[in-house]
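Colleague: got a predicted model here, sequence first, then my questions.
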Amino acid sequence: MRTLVLGATGYVGRNLLPRLIEQGHKVRCLVRDPSKLVSTDIEMVQGDASDNASVQSAVKGCDRIVYLIHSMSGREGGFEDLDRHIATNVAASARSSTARQIVYLGALGNRGEAQTPHLRSRHEVAGILRSSGVPVTELRAAVVIGAGSASFEMIKMLVARLPVMICPKWVNVKTQPIAVGDVLRYITSSFNRPAATGATIDIGGPDVLSYREMMLTVARQMHLRRLIIPVPVLTPWLSSHWVNLVTTVSAPLARALIESVRSETVCEDDSALRLFDIKPTGFAEAVKEALSGNRKEGPDTFNTKENGVAL
């Protein structure tokens with residue numbers, strides 16, 4: 001079976017490709033710059049997911065689509081329009097294709113409550129992909145922990161560089177982080193699994209933590225003592241420029257990450273544990289692996305200089 005990976009040059013995509021090849025999949029990727037993926041085992045289609053003709057060419061003859069695209073920066077509101085446009089392109093091409101499954105890595109968060117723009121966009125994309133008529137497996141995740149993950153690298157750099165942190169009150173918001181290796185296992189395990197086809201599945205690690213608790217855990221793993229002081233007012237705009245000053249994370253990317261953490265993102269059911277034979281990695285162990293520089297799940301692809309549209 002031929003699997004098309006959209007968003008292959010992003011963090012999860014680059015980690016996923018070696019696993020797919022190892023498992024014997026025929027892999028095709030739609031990429032703007034083929035030089036970013038150097039592999040003789042991957043069929044590459046040069047193009048842009050925002051271009052309908054490029055998407056049609058990439059989707060043709062594929063049995064499965066793995067959708068990992070999400071715009072993390074851009075002008076105010078622009079990322080939502082771009083996400084909507086790309087998802088619409090993919091849905092239209094999938095509708096008339098031979099694809100039998102779309103696996104979409106979406107985001108946790110209660111759809112019935114007011115969400116941040118990035119979470120709303122992630123949820124909207126899921127609906128657009130379903131409009132294709134091709135069964136969608138939506139895997140909803142929160143913070144992905146691994147060496148090179150933008151969220152993890154931002155936390156690590158803040159902890160490393162600031163003995164005392166004055167943070168917004170949303171550092172106490174709860175989330176359910178997941179190790180990158182577990183994300184990859186859930187994606188590949190969902191292939192051709194009838195119970196997962198067309199299902200929405202919340203995936204997360206075993207620990208529900210606040211961002212403050214995550215930062216303190218990372219500090220302990222780095223053998224550092226850190227003090228975090230929440231304050232009532234610190235807007236995402238101010239926070240993003242503060243992060244940009246202290247770390248190598250660009251202000252647009254920092255703002256996108258910060259916007260995404262202002263709403264609670266925890267699993268609402270245990271369907272993942274029932275459908276898959278996967279025992280999720282604990283947060284402390286995931287952090288230990290990430291800090292050790294372990295690359296068994298793929299290369300370190302963290303790059304703050306690019307405003308990519310892939311997870």
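Modeller: Alright, I've got the coordinates. Residues are numbered from 1 along each chain as shown.
Colleague: next up, the contacts around Leu17.
Modeller: Val5, Ala8, Val27, Cys29, Leu37, Ser39, Ile42, Gly298 (CB atoms under 8 Å, 6 or more residues apart in numbering). C-betas here are computed from N, CA, C, even on glycine.
Colleague: just the ones of those residues in helices?
Modeller: The members of the contacts of Leu17 all map outside helices under DSSP state H.
Colleague: most neighbours among those residues, which one is it?
Modeller: Among those, Val5 has the most neighbours (other CB atoms under 10 Å), with 31 neighbours.
Colleague: thought it was touching Val31?
Modeller: No - with contact defined as CB atoms under 8 Å, Val5 does not reach Val31; the gap is 9.4 Å.
Colleague: can you tell me the SS state at the most far-flung residue of the chain relative to its centre?
Modeller: Going by CA atoms, centre = their mean, the residue of the chain most distant from its centre is Arg225, 29.4 Å out. Under the three-state scheme (DSSP: H, G, I helix; E, B strand; the rest coil), Arg225 adopts coil.
Colleague: how confident was the prediction at it?
Modeller: According to the predicted model, the pLDDT of Arg225 comes to 91.
Colleague: any idea which helix or strand carries the residue lying closest to it once chain neighbours are set aside?
Modeller: Distance criterion CB to CB, 6 or more residues apart in numbering; nearest residue to Arg225, sequence neighbours excluded, is Ala219 at 7.0 Å. Per DSSP states H and E, Ala219 falls inside helix 211-221.
Colleague: ok, what's across the strand from Leu105?
Modeller: As for beta bridges, Leu105 partners with Leu139 under DSSP bridges.
Colleague: residues in contact with it?
Modeller: Val12, Val66, Tyr67, Leu68, Leu139, Ala141, Val183, Ile187, Leu311.
Colleague: could those go into CSV alongside pLDDT and neighbour count?
Modeller: Below are the contacts of Leu105 laid out as CSV (pLDDT from 0 to 100; neighbours: other CB atoms under 10 Å):
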residue, pLDDT, neighbour count
Val12, 96, 26
Val66, 98, 29
Tyr67, 98, 26
Leu68, 97, 23
Leu139, 98, 23
Ala141, 96, 27
Val183, 98, 27
Ile187, 98, 23
Leu311, 52, 23
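Colleague: among the residues you listed, which lie within strands?
Modeller: Val66, Tyr67, Leu139, Ala141 (DSSP state E).
Colleague: Leu16 is in contact with the first one, correct?
Modeller: Spelled out, it's Val66. Yes - using CB under 8 Å, Val66 is in contact with Leu16, at 7.1 Å.
Colleague: what's the neighbour count on Val103?
Modeller: What Val103 shows, counting by other CB under 10 Å, is a neighbour count of 24.
Colleague: mind jotting down where the strands sit in the stretch 151-300 of the chain?
Modeller: 164-168, 174-175, 178-179, 200-202, 209-210, 227-231 (DSSP state E, counting those that start in this stretch).
Colleague: ranking those by burial, who's on top?
Modeller: Highest mean neighbour count of the strands of the stretch 151-300 of the chain: strand 178-179, a mean of 26 (counted as mean count of other CB atoms under 10 Å).
Colleague: does anything pack onto that strand? Which helices or strands?
Modeller: strand 144-145, helix 283-291 (3 or more CB pairs under 8 Å, 6 or more residues apart in numbering; DSSP states H and E).
Colleague: can you list the weak-confidence ranges in the stretch 201-311 of the chain?
Modeller: Within the stretch 201-311 of the chain, the set of residues satisfying pLDDT under 70 comprises 232-261, 293-311.
Colleague: actually the stretch 51-200 of the chain, not the one I wrote
Modeller: 72-77, 114.
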